[in-house]
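Participant: Here you go, sequence then predicted model.
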Amino acid sequence: MLWYLLKTWAGREEELVKVIHKTIPSYQYKECFVIYQERIWRRQQRSIVHRERLFPGCVFLTCEDSGKEDFLPRCPEKNPDIGDRMAWGNITILPMMPKDGEFLEKISGTDHVVRLSYVQKEEGGEIALVSGPLKKCAGQMERIQLKKRYAVVRCRLWGEEQAIVLGIMLREDKGRMFFNAGAGTLDREREMSAAFE
């Protein structure tokens, strides 16, 4: 699988995904998407789950590795809208290393959403258990902010060190979780409740 990073202006990611879907024939690529993450806001003893972009200004595109010509060189010349955006500096298309794509797939899954990781702490505040996406990169964990419900993971992406902030949930969040409008469904609520069992 070939992965590409399409850099655009923050806040215009979904617009670029729509342009790709509209202007590039679907047989030329497998998926075009934005990676989101779940985070928790703590408000008045409630845990409000919402979604936000994991990498603002980044859109990802995957293609099958057929050994034929690459998506990158044929995209601007065959799709004037993409070519115009590149010429004006509104988009930059960069090929990604296979290990970068594998890492992103590992933490975000097939639905391209980095779910909340369950973190269990002992009475002394030490971390006893980590599950979910954070478990997959536990060796790269730099710090955890339990009160603010996030962990910082340091990893190498796109050829440079990146600090990625991932959302966490604690046992005390059970029964206090509320989903922001676009963040989930009843099935997602049940799935998260099961994490506490």
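Facilitator: Done, it's in. Just so we're clear, the structure is a prediction, and the values are computed from it rather than from any experiment.
Participant: all contacts plus neighbour counts: C-alpha atoms, from now on.
Facilitator: Noted.
Participant: Report the central residue of this protein.
Facilitator: With distances taken as C-alpha atoms, centre = their mean, residue 35 lies nearest the centre of the chain, 3.2 Å away.
Participant: Counting neighbours, which bits of the longest strand along the chain end up buried?
Facilitator: When every strand of the chain is counted residue by residue (DSSP state E), the longest turns out to be strand 160-169. For strand 160-169, burial by neighbour count (16 or more other C-alpha atoms under 10 Å) applies to 164-169.
Participant: before we move on, what about stretch 49-62?
Facilitator: 49-51, 53-62.
Participant: do the same with stretch 119-137
Facilitator: So stretch 119-137, judged by 16+ other C-alpha under 10 Å, has buried residues 119-120, 130, 132-135.
Participant: again, but for stretch 25-44
Facilitator: So, applying 16+ other C-alpha under 10 Å, buried residues of stretch 25-44: 29, 31-42.
Participant: Can you flag which of those belong to strands?
Facilitator: 31-33, 36-42.
Participant: possible to save the residues you listed as JSON lines with pLDDT and distance to residue 157?
Facilitator: Shown next, in JSON lines, are those (pLDDT from 0 to 100; distance: C-alpha to C-alpha, whole Å):
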{"residue": "31", "pLDDT": "92", "distance to residue 157": "20"}
{"residue": "32", "pLDDT": "92", "distance to residue 157": "19"}
{"residue": "33", "pLDDT": "94", "distance to residue 157": "18"}
{"residue": "36", "pLDDT": "95", "distance to residue 157": "17"}
{"residue": "37", "pLDDT": "92", "distance to residue 157": "17"}
{"residue": "38", "pLDDT": "91", "distance to residue 157": "20"}
{"residue": "39", "pLDDT": "89", "distance to residue 157": "21"}
{"residue": "40", "pLDDT": "85", "distance to residue 157": "25"}
{"residue": "41", "pLDDT": "81", "distance to residue 157": "27"}
{"residue": "42", "pLDDT": "74", "distance to residue 157": "30"}
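Participant: Please report the distance of residue 37 from residue 146.
Facilitator: 17 Å (C-alpha to C-alpha, to the nearest Å).
Participant: Off-centre distance for stretch 122-135?
Facilitator: Computed by C-alpha atoms, centre = their mean, to the nearest Å, the chain-centroid distance of stretch 122-135 equals 21 Å.
Participant: how far does that stretch stretch from start to finish?
Facilitator: 17 Å.
Participant: which outside residues touch it?
Facilitator: The contact list for stretch 122-135 (C-alpha atoms under 8 Å, 6 or more residues apart in numbering) reads 106-108, 114-121, 138, 141, 166.
Participant: Which members of the residues you listed come out as buried by neighbour count?
Facilitator: Buried members of the contacts of stretch 122-135, scored by 16+ other C-alpha under 10 Å, are 107-108, 114-120, 141, 166.
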